[in-house]
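Peer 1: Quick check, what structure comes out for this input:
(3 chains)
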Amino acid sequence: MSKKAYPYVLIMPSVLFLLAFFVYPFLQVFAQAFTHSEGGLTIAHFETIFYDFNFLPSLKNTLLLALVVVPAQLCLAIGMALMISKMEKGRDTVLYVWTIPLGISDLAAGIIWLGLLDQNGFINSFLFHVGIIDEAQSWLNYQNPWAIFAAIVFAEIWRATAILLVILVSGIGLIPKEYYEAAEIFGANAWVRLWKVTLPLLRPSLQTALILRTLLAFEVFAVVMILGGSNMPVLMGEAYNWAFSYRDAGAAAAYAVVILVLSLLFTLFYLRVLRVPKEAQI
Amino acid sequence: MKMDTNNQRESEPTPDVVANYTSTKKVWRWLFISSAAFLIAWVLFPIYLLVVSALSSADVVNGWPKSFIPEFDLETMTFFMNYYGVLAALKNSLVAAAFTMIISIGLGTPAGYALARFDFWGKEAFRMIILLTRAFPMPLLALPLAVIFIQVGLDDTLFGLSLVHASLALPFAVLITASLFLGIPVELEEAAWVLGCNRWQAFYKVVMPLALPGLTASAVFAFVISWNEVFAAAVLTINNQTLTAFLVQSLSASPAEVKFAGGLILILPALLFLYVVRKYLFSMWGISNR
Amino acid sequence: MIKKIIAPILLSSTIASMSALAQEVIFYSTQANPLKEADAMRNDVLSGFSGKVQFLPQEAGPFFSRIEAEARAKSVSLGVLGALHGHFPQINSTLDGIDDVINDLPAVQANNALSNLGKLGGAEQKYIPWMQATYIMAASKKALPYLPSGADVNALTYEELAQWGENLKKATGKPKLGFPAGEKGLMHRFLQGYLYPSFTNSVVTDFRGDDAKSMWKWFQKLWVNVNPRSTAYNLMQEPLLTGEVWVAFDHTARLKEAFDQKPDDFVAFPAPSAKAGRGFMPVIAGLAIPAGTPDRAASVELIRYLSEPEVQIKTLKATGFYPVVDVELPADLPANVRIAGKAIALQANSSDALPSMLPVGLGSLNGQFNKIYKDTFQQIVLRNADVDRILDRQAKQLKRIMNESKAPCWAPDKASAGACPVK
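Peer 2: Have a look, this model is predicted:
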């Protein structure tokens, strides 16, 4: 077998797999977004959703959430991964605890955080026990969009930082210790070592983690629905509603295409910004 | 601060400097421990409160103010344990998750290796297609998938369901392994070739052990994705429903105490799984410990 | 190696499910979905059925997807479908005609108004009425002292409801009215079956009339006294039980837990009235058979079983939905049925009762019809948009839906020859 064929042999199984279980159904739905119910090309479905009251708010909410949540999670995850790598005792216990939210679905996370933030929830109860408030306060409602936004941000950071953490931890372990020792000999302090050694060498993992997390952030849905209610639309929720409440498969597919385009744009952006030049590879 | 200590280390240490050095170290240590402790509490406390709610009677769940100590009322939890089909659904979930792990790692590792080690025509296109699987809402794909599955006889089988879950987990498996293989020096492999290994042996004996943490991470993702996926599971199975499909669809319409207890039941097995595999996330702790 | 492990499991699970298909009826339902109701359906209602039946409750999304997928693949495994009147038009083409079944069930057929709904505007019977409910009001007893003077809770007007809400806010400092305006709430039913008929004696034709305009302005004002968390309420039993809300409107089955858990704390009462009368609306759930079902005789048998008077009473106990056949209700009913039952009777028999029919003939546009009302509410009441502008815009959409579906008017709108007109 020629050396040139190696990569194709290696990716062939997953390509075939994806063709069958993703690309084929995907093309059907994708085509739906651009075809009339009687056949023939149309952009009517996009007109339907662009004309809808909730399109712009849902686009805005989704983007805003991703732009706030993902960078915050990235910083937190880098910090946590560094702490893990510095730990001597109890490392796997701490890592276990920090990865726990990974096992928690978005719906369960929504239930957990609603239990905390609700009018009769634990946070209000705590404030009551220590005497800050006299009775249950309702602040998680549509008249305080920023409170709802903050609640969703907290819940999302709590739930989904672990995705980044696991990817970064497995990447950080591969950075040779000699690099740090060398840096230390040249007098680099911890901050300089972070920026000049760790982060550059972590770039492949950072790229992977950021892309995956951002794609998932564009599909945020259950947490927003539970904490935010109906006046806090997001793209994924609208896609779901058009598919199953309003029963317009074309419009739902159009929403899915919007999500897809956003994801593509951000992915290309990360691929460019965090490109791993061949010569920089270890 | 740290800069100072580093520079001064070269010169003759005066007692004053030594004291300064150890006290900064202490401050750092204290900061380190307290922020680690804070983050541990940040993760665990909400879960603890879920346990409190799950172990409370309906009256307490709806009551005010809430107590932070569980009352150990097991009524709602017992209801779940006796609920028709919970155990079968639990078994189905585990089987589907196991298939998902096998398929996604089996397919993803070679592809990740190809992305990391070779430059080939179509590489970027392949990478994008892999990513797109996560950029399109599953609930919309479930209908065409179900049509195919019914036609080819994969419908209502756990294996068929795990094929769908594997397509969701595959991007994680491919990209994580790719980024890890990128981090493993190709010289290590080349050394193995020189020593008489063929390409496969070099991969198997040298690269794989180093990549084990990454493979474990991929396995973790495959497990939790399969475990938590609701929509495809609800549409593609009838007699073989997974626990998530079985419970989640009914939770949102159920009263608060049932929601909390159901939430706890849904996350417990995933937590156990994470606990079991946790040490493999480090098993080799990179090459840095040589 | 892996293949050796997988193949036997794969094979055995396929065979197991195939053999299961042959012997039991799969009863796929969007109703009785809450866990405890599903449990009661299996243990109390279906346990007496002579054949084997598997009850699978499901949310509307997967429910529709599964049925559509089976129809497209031309291989059906489902036996009986249980869903709401509004669900069926959207899967109409996948349903078997069941004239033979309804003709065999004189007790169900006797209620003509109901059983005709099951034709979905066509000539053939598509579903058999299964059970019914309606929407009522519920209040915590703590709220009763704040009723406006002279108001009778059982014959309330919307003006009095507004005053009540204001009194409650003054007394407690908090808005204590509540509506199910969440993502899965049934707010649109309040607009279609209660507010619009009561204020305008219409739901489609006078969508943007002067009465409708003043109604929306009234609703905007009322909303000041409504708990703003309402946009997240899906089932009003929850905020009633926590005490966040003292007075609420919802589907009887979605108030059920409150009455069952604290029967002494809550009262149920009819919806209020306005100048056109006391509008109210039924909820009808039905049973259908998908075309190409594996064992049609068994499916028919199950529908027949579920229509038996004793089974209808068991269903009432399990789900809080009332029988569709004439039957004497026993004394040992759960608290929710006792409490809600009285309010339902008062609502239907009040002197100014104004029953709304369910829309027929909207077909797959049913969901978009609901969206019109949801969106109008969201824009006018939640986002304080201009009433005239929004009503004009939404009326255009409504007209489009009516013309596309050619649905004739239903009560309280006057019967129309063709598509129901929008003024």
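Peer 1: Any part of the longest helix anywhere in chain A near chain B?
Peer 2: Looking across chain A with DSSP state H, the single longest helix is helix A:55-86. Yes - judged by C-beta under 8 Å from any C-beta of the partner chain, helix A:55-86 comes into contact with chain B at A:79, A:80, A:83, A:86. Where C-beta positions appear, they are placed from N, C-alpha and C, glycine not excepted.
Peer 1: filter these to the buried ones?
Peer 2: Among the residues of helix A:55-86 next to chain B, those buried by neighbour count (16 or more other C-beta atoms under 10 Å in any protein chain shown) are A:80, A:83.
Peer 1: Kindly reformat the residues of helix A:55-86 next to chain B as TSV containing pLDDT and distance to residue B:109.
Peer 2: Output for the residues of helix A:55-86 next to chain B, formatted as TSV (pLDDT from 0 to 100; distance: C-beta to C-beta, whole Å):
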residue	pLDDT	distance to residue B:109
A:79	94	29
A:80	94	26
A:83	91	29
A:86	84	30
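Peer 1: got JSON lines for the residues of helix A:55-86 next to chain B, with distance to residue A:11 too?
Peer 2: Shown next, in JSON lines, are these (distance: C-beta to C-beta, whole Å):
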{"residue": "A:79", "distance to residue A:11": "35"}
{"residue": "A:80", "distance to residue A:11": "33"}
{"residue": "A:83", "distance to residue A:11": "36"}
{"residue": "A:86", "distance to residue A:11": "37"}
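Peer 1: For residue A:116, state which of the residues of helix A:55-86 next to chain B is nearest.
Peer 2: Of all the residues of helix A:55-86 next to chain B, residue A:80 has the smallest distance to residue A:116: 21.5 Å, by C-beta to C-beta.
Peer 1: For the stretch 151-300 of chain C, which segments are assigned as helices?
Peer 2: Along the stretch 151-300 of chain C, the segments classed as helices by DSSP state H, counting those that start in this stretch run C:158-172, C:187-190, C:196-200, C:210-222, C:237-242, C:256-261, C:296-307.
Peer 1: one step back: contacting residues around the helix or strand following the longest helix of chain A?
Peer 2: Downstream of helix A:55-86, the next assigned helix or strand under DSSP states H and E is helix A:91-99. The contact list for helix A:91-99 (C-beta atoms under 8 Å, 6 or more residues apart in numbering or on different chains) reads A:80, A:83-84, A:87, A:162, A:165-166, A:169, B:36, B:39-40, B:43-44, B:220, B:274-275, B:278-279, B:281-282.
Peer 1: Now helix A:91-99: average pLDDT?
Peer 2: Averaging pLDDT along helix A:91-99 gives 89.
Peer 1: buried set for the helix or strand containing residue A:29?
Peer 2: Element membership for residue A:29, per DSSP H and E: helix A:24-34. Neighbour counts over helix A:24-34 (16+ other C-beta under 10 Å) mark A:25, A:26, A:28, A:29, A:30, A:32, A:33, A:34 as buried.
Peer 1: Stretch A:48-63 now?
Peer 2: Within stretch A:48-63, the residues that count as buried by 16+ other C-beta under 10 Å are A:48, A:49, A:52, A:53, A:54, A:55, A:57, A:58, A:59, A:61, A:62, A:63.
Peer 1: ok, so of those residues, who is nearest chain C?
Peer 2: Nearest to chain C among the buried residues of stretch A:48-63 is residue A:53, at 5.5 Å by C-beta to the nearest C-beta.
Peer 1: that older thread, and the helices of the stretch 151-300 of chain C as TSV, adding mean neighbour count, distance to residue B:244 and mean pLDDT?
Peer 2: Converted to TSV, the helices of the stretch 151-300 of chain C look like this (neighbours: other C-beta atoms under 10 Å in any protein chain shown; distance: least, C-beta to C-beta, whole Å; pLDDT from 0 to 100):
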stretch	mean neighbour count	distance to residue B:244	mean pLDDT
helix C:158-172	19	40	96
helix C:187-190	22	29	96
helix C:196-200	25	40	97
helix C:210-222	17	39	96
helix C:237-242	25	23	94
helix C:256-261	24	24	95
helix C:296-307	20	28	96
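Peer 1: Residue numbers of the stretch 151-300 of chain C in contact with chain B?
Peer 2: Along the stretch 151-300 of chain C, the residues adjacent to chain B under the rule C-beta under 8 Å from any C-beta are C:184, C:234, C:235, C:237, C:238, C:241, C:242, C:243, C:257, C:261.
Peer 1: how much space between residue A:34 and chain C?
Peer 2: Using C-beta to the nearest C-beta, to the nearest Å, one gets 20 Å for the distance from residue A:34 to chain C.
Peer 1: cool, and residue B:60?
Peer 2: From residue B:60 across to chain C, the span is 11 Å (C-beta to the nearest C-beta).
Peer 1: Quick one: the residues of the stretch 151-300 of chain C next to chain B as JSON lines, columns for distance to residue C:166 too.
Peer 2: Below are these laid out as JSON lines (distance: C-beta to C-beta, whole Å):
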{"residue": "C:184", "distance to residue C:166": "29"}
{"residue": "C:234", "distance to residue C:166": "26"}
{"residue": "C:235", "distance to residue C:166": "26"}
{"residue": "C:237", "distance to residue C:166": "25"}
{"residue": "C:238", "distance to residue C:166": "24"}
{"residue": "C:241", "distance to residue C:166": "24"}
{"residue": "C:242", "distance to residue C:166": "22"}
{"residue": "C:243", "distance to residue C:166": "19"}
{"residue": "C:257", "distance to residue C:166": "28"}
{"residue": "C:261", "distance to residue C:166": "29"}
